[in-house]
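> how does the following fold in three dimensions:
(2 chains)
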Amino acid sequence: MKDLGLTYTTSIDKKPTLKARLKTLGRGKKHTRIVRALNDVSIDVHYGTVLGIIGSNGAGKSSLMRVISGIVPPTQGRVEVYGSVSTLLALGVGFNPSMTGRDNVYLGGLAAGMTREEIDASFDSIAEFSELGESIDAPMRTYSSGMYARLAFSVAAVVEPDILIIDEALSTGDAKFKEKSLNRIKELRTADRALILVSHALATIEDICNEVIWLNMGKLMMRGNPSEVIAAYREFVDARKSASSDEDV
Amino acid sequence: MEKPVVVYEPFRAGLPPMREYMRSLWSRRTFIAEFSRSELREQNYGSVFGQLWLVLNPLLLSGVYFLLIYVIGGSSDSTRFGHLTASLFLFYLIANSLTGGVKAITSGQRLILNTSFPRIMLPISATVIALFKFVPTFIVFGIIHAVIGLPYSWQMLWAVPILLIAMIMALGMAILISCINVYFRDISSMLPYLTRSLLYLSPILYEATSVSDRIRTLEIANPIFYLLDSWSRVVVHAQAPSMNGLIHASVWALFIFLTGTYFFLSRERDFAVRL
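This is a model prediction of the structure:
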C-alpha cells in the first residue's frame, strides 16, 4: 500500500478566470465577473481510497476534478500528484463519429494515454465489455446514444491508472449496463489505486466510496464517512427546498 | 516515493517544465498520427472520389491558374506550368497548415476540457494533415515533371532541406495562429484573405525573376517569397537555390516557429479557461 495521494489547496483572488463557465463572458470583452469556483479547498487522497464528491450544481465539483487532473491550473495553492492519472470526465472524448467503432477504440485509447500495444492487448475485452458485437465495425455515427456511451465507457474502463477520476460517467446505458459498469468500478478499487468519483447518485456513492467530501459554492463543507456526509447533505438540500417552498406560499 | 510527482501550481507566464513536456509529447506520437488520420478521413468522407480528391483538388487548381495566366499573359509554356504546379503545391502545404491550425485549439474544446495532454499536439496534427495532403501532390508533380520534360540534375537534392524549412515554417504558422485564435476568434474569418494575399504576393503565378528589384526588396517581409523561389529553382529548373534565398527562408521559418512555440507553450495552460 503506497502511502501518498495528493494535497490540494486553492482559492481564487481577484483573478478573473478559473472556470469554463466563464466562457460565455470571456470573449475578449470584459472580464469583470469573478467566479470563485473553488475556495480554499484542501484535501488529501491516499491510495486505497475511493473518494466520492457530492454537491449541488455549480458547487465546484468539476472544477476540482479539472484542477486535480491538470487540465486547468489552480490560481492559488498547489496540487501534488503521485502516480499516473486518468480522467473520465466525459465519455467519448476524442472519438470521431465517421470512423468505425474499432478505429475509435484506438483513437479513444490513445487519447487516454494508452499505447497501441496496450490497446491491441485489451481490444477483445473492450469489444466484449461493450456488447456491441458486429456493430463494432460500423461507423460510429450509426450508433444509438446508448451504444456510443457503452463503447466509450468500455474504452475508459480498461485504462488502469494509479489515480482514476470519474465525473458522472456512470449514468449511461440501460440498467443492465449501468450495473455492469458499476461492478467494473468496484473491481478497480484496489489498495494501490485511488479513485475519485463525482456523482449525483447518492446511493451509488454510498455504496462504492469509503470516503466522501461535500462541496458547496466552492467550499469544502464536510468530509468523512459516506453515510454521515450524505445524511448531512440531504438535510441541507431538504432545508433549502422547504425554505424555498415556504417562499412560494 | 518511487512514483513520479506531478505538481500543478498557479499559472504564471513562462514555459512549462520542458523536459517533462517533451517526454509527454513524445509518448503521444501515435495519438497524433491516429488523430490526423481520422481527421483526414473525415474530411474526405462521403465524396465520390474520396482519397483521389487529395490529388484532384490541387491539380484542378493549377489548371485554373494556368488558364488565368494564359488569358492575362497571352502566352505560356510547359516550364511555366511546371513552375505553377510545383509552387502551388508547396504553397498549399503552408496554407493548409494555416487553415487547419487556426481552429485546432478552438475546435478541440471537448478534448481540452476533459483530458490533460500537451495542447501543442493539436496544431501539430494540423500540420501533419497538411503534410499528408502534400505527399500525393508531390508525386503528381513528379509525373508532370517527367511528362513535360523538365530538366534533372543533382542540384534537385536541395529539395530536401527546402522541404524541411517549409515544414518548420508550416508548423510554426499553425502553432502561432492556433494560439492567436484562442484570444481573437475573428482571425479564422480573416484567414482566407490572408492566405489569398500570400498567394498573390508570392512567386507562384509569376516567377521571382520577373519582379522588379524594388518589389523584390519589399518581399523580404514575405516569409515564403524566397522559400517558393528556391523551391521552383530546384525542382523546376534543376538549379541550385540562391544562398540568400535559403537564409531568408530559414530565418523566417525559425523565427515563426520559435515565437509561435514560445507563445503557445507559455499560454496553453490558460486555454481550458478561455474556451
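> name the nearest residue to the most centrally placed residue in chain B, ignoring sequence neighbours.
The structure's chain B has its C-alpha centroid closest to B:Ile94; by Cα atoms, centre = their mean the separation is 2.5 Å. In space, not counting the residues next to it along the chain, B:Ile94 is nearest to B:Ala170; the distance is 4.8 Å by Cβ to Cβ, 6 or more residues apart in numbering or on different chains. (Each C-beta comes from the backbone N, C-alpha and C, glycine too.)
> for that neighbour, give me the pLDDT.
Among the per-residue scores, B:Ala170 holds a pLDDT of 95.
> any regions of the stretch 101-250 of chain B where pLDDT drops low?
Residue ranges of the stretch 101-250 of chain B with pLDDT under 70: none are present.
> helices of that one, start to end?
In the stretch 101-250 of chain B, the helices defined using DSSP state H, counting those that start in this stretch lie at B:109-114, B:121-147, B:159-183, B:187-201, B:213-218, B:225-235, B:243-274.
> kindly report the same for chain A.
Taking DSSP state H as the criterion, chain A carries its helices at A:61-68, A:101-111, A:116-130, A:145-158, A:175-188, A:202-208, A:226-248.
> so which residues on the stretch 101-250 of chain B come close to chain A?
Proximity of the stretch 101-250 of chain B to chain A, by Cβ under 8 Å from any Cβ of the partner chain, involves residues B:Arg110, B:Leu111, B:Ile112, B:Leu113, B:Asn114, B:Thr115, B:Ser116, B:Phe117, B:Tyr183, B:Phe184, B:Arg185.
> rerun that using 7 Å as the cut-off
When proximity is defined by Cβ under 7 Å from any Cβ of the partner chain, the stretch 101-250 of chain B lies next to chain A at B:Arg110, B:Leu111, B:Leu113, B:Asn114, B:Thr115, B:Ser116, B:Tyr183, B:Phe184.
> show me which of the residues you listed is closest to B:Leu61.
Checking these against B:Leu61 by Cβ to Cβ gives B:Phe184 as the nearest, at 29.0 Å.
> now the phi/psi pair for the closest one, please.
The phi and psi values for B:Phe184, taken as degrees, to the nearest 10, are phi -130, psi 100.
> taking the centroid of chain A, which residue is nearest it?
The central residue of chain A, meaning the one whose C-alpha is nearest the mean C-alpha position (Cα atoms, centre = their mean), is A:Asp167 at 1.9 Å.
> wouldn't that one be in contact with A:Ser62 here?
Yes - applying Cβ atoms under 7 Å as the test, A:Asp167 and A:Ser62 come out as touching, 6.1 Å apart.
> kindly supply the ChimeraX command isolating those of the residues of the stretch 101-250 of chain B next to chain A that are buried.
The buried subset of those, as determined by 16 or more other Cβ atoms under 10 Å in any protein chain shown, is captured in ChimeraX by this line:
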select /B:111,113,114,115,116
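> and the residues of the stretch 101-250 of chain B next to chain A, which is closest to A:Glu179?
Checking those against A:Glu179 with Cβ to Cβ, the nearest one is B:Asn114 at 24.7 Å.
> tell me who's in contact with the closest one.
A:Thr87, A:Leu89, A:Ala90, A:Val93 (Cβ atoms under 7 Å, 6 or more residues apart in numbering or on different chains).
> okay, and which of those residues map to strands?
Cross-referencing the contacts of B:Asn114 against strands under DSSP state E gives A:Thr87.
> most neighbours among the contacts of B:Asn114, which one?
Among the contacts of B:Asn114, the one with the most neighbours (other Cβ atoms under 10 Å in any protein chain shown) is A:Thr87, at 27 neighbours.
> from memory that residue sits against B:Thr115, does it?
Yes - contact between A:Thr87 and B:Thr115 holds when scored by Cβ under 7 Å: they sit 6.1 Å apart.
> any idea how far B:Gly82 lies from chain A?
For B:Gly82, the distance to chain A equals 37 Å [Cβ to the nearest Cβ, to the nearest Å].
> which strand or helix spans that residue?
Secondary structure assignment for B:Gly82, by DSSP states H and E: helix B:78-102.
> packing partners of that helix?
helix B:53-73, helix B:121-147, helix B:159-183, helix B:187-201, helix B:225-235 (3 or more Cβ pairs under 7 Å, 6 or more residues apart in numbering or on different chains; DSSP states H and E).
> got the contact list for residue 240?
Just so you know, I chose chain A. Listed by Cβ under 7 Å, 6+ apart, the contact set of A:Arg240 is empty.
> you answered for a different chain; I wanted chain B.
Counted by Cβ under 7 Å, 6+ apart, B:Ala240 has contacts B:Gln155, B:Trp158.
> let's see 10 Å
B:Ser153, B:Trp154, B:Gln155, B:Met156, B:Leu157, B:Trp158, B:Ser230, B:Arg233, B:Val234, B:Leu246 (Cβ atoms under 10 Å, 6 or more residues apart in numbering or on different chains).
> for A:Phe177, same thing?
For A:Phe177, the set of contacting residues under the criterion of Cβ under 10 Å, 6+ apart consists of A:Phe129, A:Ser130, A:Glu131, A:Gly146, A:Ala149, A:Arg150, A:Phe153, A:Ser154.
> surely A:Arg116 touches A:Ser122?
No - under the criterion of Cβ atoms under 10 Å, A:Arg116 is not in contact with A:Ser122, lying 11.3 Å apart.
> more neighbours: which of those two?
A count of neighbours by other Cβ under 10 Å puts A:Ser122 above the other of A:Arg116 and A:Ser122, at 20 against 14.
> how far away is that one from B:Asn114?
21 Å (Cβ to Cβ, to the nearest Å).
> then A:Ser181?
18 Å.
> hmm, back to that, identify the contacts common to A:Arg116 and A:Ser122.
Shared contacts of A:Arg116 and A:Ser122, counting by Cβ under 10 Å, 6+ apart, come down to A:Gly109.
> buried only: go through the contacts of B:Ala240 for me.
Among the contacts of B:Ala240, those classed as buried by neighbour count (16+ other Cβ under 10 Å) are B:Gln155, B:Met156, B:Trp158, B:Ser230, B:Arg233, B:Val234, B:Leu246.
> residues near the closest residue to B:Phe263 other than its chain neighbours, how many?
On the basis of Cβ to Cβ, 6+ apart, the spatially nearest residue to B:Phe263 that is not a chain neighbour turns out to be B:Cys179, at 5.2 Å. Around B:Cys179 sit 25 other residues, with neighbours defined as other Cβ under 10 Å.
> now A:Val237
Burial measure for A:Val237: 15 neighbouring residues, criterion other Cβ under 10 Å.
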